[in-house]
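**Q** got a predicted model here, sequence first, then my questions.
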Amino acid sequence: MKHRSITSLSLVVFMGLIILLSMSHQAQSHPVKLTEAKEGFVGPVWSPDGRSLAMTRGDRIGIWRMNSDGTGLEQLTADRASGYKFAWSPDSRHIAYRAEKMIDGKRYFAIKVVDVEDKAVHQIEDYQRFLGTPRWISGDGTIVYETDRDGTLAKTHASQLALSQIQNEAMDLVATTSRDLQIWISHPDGRDRILISGPDQRCFDPILSPDGGRVCYTSLEHAGSISVVDIDGTHRINLGYGSDPCWSPDGLRLVYEVTEDDGMVITGSDLYLIRFDGQARVRLTNTPDLIERGPAWSPDGTRIAFSAAGAIYTVPVQPPTLIGE
């Protein structure tokens, strides 16, 4: 009986060591540099097929694309503000973005789409005083965006585009932010609008999980924290301090950045992984010489792209079973 207890205890200790070692190994994953700092790139976004990365520069003027190994770098557009929350089409052939121009000292916005192969740009919504950033809601060229600061939605169909036969299921729900920084969920046509953020929260950047069942967002409470909530407003979980979260392809985990500052500028940052329920928090990077920003998970779940000091990097991600889940 005593021998059996010792054996069981040894097994527990052994499994614990495996988890700790795997977590340590995950934290020491070495980033791979894809572009040079002189390019000044930020905000990498994977194409749905995982073959390309698109990014912008710090001023958000212009969009660039390159192969996922860093080769084939090319500029797609030089429009002002085009680099802010642009969106790949489901077939990885087009990028929709919001362009900006000044008219009589005021900002006006239009929705445009650029073909990543021939660089042709199509304007699909005229310039007006307020337009939200675009999102593709299906593979047939339908794009949704906000038309006012209350989160009212509109749809347009990019019928002039030569879209491929890749057809994704239409998005059932859309998350928006209203002028009072509250998070709402509704159908793309605006039906059944539901408030899902907390009554005392001021929130931004809502992101639906890949399965459409949850929303993560960043709130101003507690000096900046990430929360996850079901689409009906229940099961709200605060994941703690962090910013710029991105869902894993399976919708079970998030990658996000944790920054340090001196009250004026950001002095440090590393990336962390966490389950949607707040469990299994793991430090992904530990790089005193890099300030990691804007993490983006690859469609196959094996890599995370980010920017640091004007360069684009990727870092490998281990399967969940190796990080204690």
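**A** On my side now, so go ahead.

**Q** how about Q201, nearest residue that isn't a chain neighbour?
**A** Excluding its sequence neighbours, the residue lying closest to Q201 (Cβ to Cβ, 6 or more residues apart in numbering) is S219, at 4.7 Å. Every C-beta, even on glycine, is put in place using the N, C-alpha and C of the backbone.

**Q** ok, the one you found to E74 distance?
**A** 38 Å (Cβ to Cβ, to the nearest Å).

**Q** more neighbours: the two, which one.
**A** S219 (20 against 10; other Cβ atoms under 10 Å).

**Q** and the pLDDT for that one?
**A** For S219, the model assigns a pLDDT of 88.

**Q** who's it bridged to?
**A** Counting by DSSP bridges, S219 is bridged to C203, S225.

**Q** pretty sure the residue nearest to Q201 sits against V228.
**A** No. In this structure, S219 is not within contact of V228 by Cβ atoms under 8 Å, at 11.2 Å.

**Q** secondary structure element for V42?
**A** strand 41-46 (DSSP states H and E).

**Q** distance-wise, check A96 relative to D250.
**A** The gap separating A96 from D250 is 25 Å, by Cβ to Cβ.

**Q** when the two are compared, which one has more neighbours?
**A** Legend: neighbour count by other Cβ under 10 Å for A96 and D250, higher for A96 (27 against 12).

**Q** my guess is the more buried one is in a strand, correct?
**A** Yes. Per DSSP: H, G, I helix; E, B strand; the rest coil, A96 lies within a strand segment.

**Q** count the neighbours of the closest residue to it other than its chain neighbours for me.
**A** Leaving aside its sequence neighbours, A96 sits nearest to P134 (Cβ to Cβ, 6+ apart; 4.1 Å). P134: 24 surrounding residues under other Cβ under 10 Å.

**Q** on that earlier part again, quick one: the strand holding V42 to chain centroid distance?
**A** Its chain's C-alpha centre and that of strand 41-46 lie 10 Å apart, by Cα atoms, centre = their mean, to the nearest Å.

**Q** distance from the chain centre to the helix or strand following that strand, please.
**A** Heading C-terminal from strand 41-46, the first helix or strand you meet, by DSSP H and E, is strand 52-57. Relative to the centre of its chain, strand 52-57 is centred 13 Å away, using Cα atoms, centre = their mean.

**Q** need the contact partners of strand 52-57.
**A** 34, 39-47, 62-68, 76, 82-84, 86, 88, 92, 95, 116, 305, 307, 312 (Cβ atoms under 8 Å, 6 or more residues apart in numbering).

**Q** and stretch 113-128, what's buried?
**A** By neighbour count on 16 or more other Cβ atoms under 10 Å, the buried set for stretch 113-128 is V113, V114, D115, V116, V121, I124, E125.

**Q** also stretch 67-77?
**A** By neighbour count on 16+ other Cβ under 10 Å, the buried set for stretch 67-77 is S68, G70, L73, L76, T77.

**Q** output it in CSV, but only the C-alpha positions, please.
**A** Provided in CSV are the C-alpha atoms of stretch 67-77 (Å, rounded to 0.1, in the frame of the first residue of the first chain):
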residue,chain,number,x,y,z
ASN,A,67,4.5,35.8,-48.1
SER,A,68,4.3,34.2,-44.7
ASP,A,69,8.1,33.5,-44.9
GLY,A,70,8.9,37.2,-45.4
THR,A,71,9.5,37.1,-49.1
GLY,A,72,7.7,38.9,-51.9
LEU,A,73,7.1,42.2,-50.0
GLU,A,74,4.9,44.6,-52.0
GLN,A,75,2.7,47.7,-51.3
LEU,A,76,-1.0,47.4,-52.1
THR,A,77,-2.3,50.9,-51.5
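
**Q** need the contact list for the closest residue to L53 other than its chain neighbours.
**A** In space, and not counting its chain neighbours, L53 is closest to P44: 4.9 Å by Cβ to Cβ, 6+ apart. Contact analysis of P44 by Cβ under 8 Å, 6+ apart lists L53, A54, M55, G294, A296, A305, F306, S307, I312.

**Q** rebuild those residues as JSON lines, extending it with pLDDT, neighbour count and distance to Q318.
**A** Below are the contacts of P44 laid out as JSON lines (pLDDT from 0 to 100; neighbours: other Cβ atoms under 10 Å; distance: Cβ to Cβ, whole Å):
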{"residue": "L53", "pLDDT": "98", "neighbour count": "25", "distance to Q318": "21"}
{"residue": "A54", "pLDDT": "98", "neighbour count": "24", "distance to Q318": "26"}
{"residue": "M55", "pLDDT": "98", "neighbour count": "26", "distance to Q318": "25"}
{"residue": "G294", "pLDDT": "96", "neighbour count": "21", "distance to Q318": "21"}
{"residue": "A296", "pLDDT": "98", "neighbour count": "21", "distance to Q318": "17"}
{"residue": "A305", "pLDDT": "98", "neighbour count": "24", "distance to Q318": "16"}
{"residue": "F306", "pLDDT": "98", "neighbour count": "28", "distance to Q318": "17"}
{"residue": "S307", "pLDDT": "97", "neighbour count": "27", "distance to Q318": "22"}
{"residue": "I312", "pLDDT": "98", "neighbour count": "28", "distance to Q318": "21"}
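
**Q** cool, thanks, talk later.
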